[in-house]
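Engineer: build me a model from this:
(one chain, ligands or ions: 1)
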Amino acid sequence: MSKDYSPPIFEGERFHCPFPGCGAFAQMMWSRPSTEACIAECASCGGKSIWRRYVVASGLNFLTKGTLLYPTATLAPPHHPDLPEKIKPDYEEARMISAQSPRAAAALLRLCVQKLCNHLLKKEGDINTQIGELVKLGLPVKIQRALDSVRVIGNESVHPGTMDLNDTPELTIVLFRLVNLIVQNCITDPNEADDIFNSLPANKLLGIEARDNKS
Ligand SMILES: [Zn+2]
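Structural biologist: Below is the predicted model of the structure:
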């Protein structure tokens, strides 16, 4: 579900509705009540999102752009359905504030990653050490990089003045996606493999056990 999330984009024909309680991938009907305002009406819930329209110079051309003004909180993708219950409040809080303070959202996502590591290792510990332990247990490089990216970018003391997330809110949105990617790989995929394996016929399971005992 999170994989297929299409964030609201200016003048987009279809995207995931930004209204909490809707969130449907729906057709949007655009209208322009003034030169500076646009409205997109969701065909699914009828909610009207409000956009600021502006023009920027690009070389010799002018480009029309737009940013979502209302509702703002849900530009970030929804949490992965398998995100552990106890981590959901932090993720949701990060979502609520991501438009107003990308830096605060990134710090909360770092906390989500910390808690995810604790959840996966079933113990508490320093986030950096925990990621190292997960790598030793066979964590794929792609996921280790996702964990480290959220860990470093969410830690403000690491990059004072070098990386201002408030100037690059898109980067914060990427961090939300990375957290969902981690949940998919570390929780959803292993659970699915277990479910399929456990549904194999009993005699096949015994055969597999016998083979593994031999080697
Ligand atoms: Zn809607």
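Engineer: can you list the domain ranges for the protein.
Structural biologist: 2-71, 85-198 (automatic domain parsing).
Engineer: export those domains as CSV, with columns for mean pLDDT, distance to the ion and mean neighbour count.
Structural biologist: Any C-beta I mention is one placed from the backbone N, CA and C, and that applies to glycine too. Compiled in CSV, these are given as follows (pLDDT from 0 to 100; distance: least, Cβ to the ion, whole Å; neighbours: other Cβ atoms under 10 Å):
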stretch, mean pLDDT, distance to the ion, mean neighbour count
domain 2-71, 88, 3, 14
domain 85-198, 87, 17, 16
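Engineer: format those domains as a markdown table; extra columns: distance to residue 213.
Structural biologist: What follows is the domains of the chain, written out as a markdown table (distance: least, Cβ to Cβ, whole Å):
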| stretch | distance to residue 213 |
| --- | --- |
| domain 2-71 | 38 |
| domain 85-198 | 17 |
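Engineer: closest one to residue 78 among those?
Structural biologist: With distances scored as Cβ to Cβ, the stretch of the domains of the chain nearest to residue 78 is domain 2-71 (6.4 Å).
Engineer: output the contacting helices and strands for the top helix by length along the chain.
Structural biologist: The longest helix of the chain (DSSP state H) is helix 102-121. Contacts defined by 3 or more Cβ pairs under 8 Å, 6 or more residues apart in numbering; DSSP states H and E place helix 102-121 against helix 88-97, helix 127-136, helix 141-153, helix 169-183.
Engineer: got the contact list for stretch 8-15?
Structural biologist: Residues outside stretch 8-15 that contact it (Cβ atoms under 8 Å, 6 or more residues apart in numbering): 6-7, 16-18, 25-28, 30, 38, 40, 49, 51, 53, 65-68, 75.
Engineer: kindly recompute the last result at 10 Å.
Structural biologist: If you take Cβ atoms under 10 Å, 6 or more residues apart in numbering as the criterion, stretch 8-15 is touched by 5-7, 16-19, 24-30, 38, 40, 42-43, 49, 51-54, 64-68, 71, 74-75.
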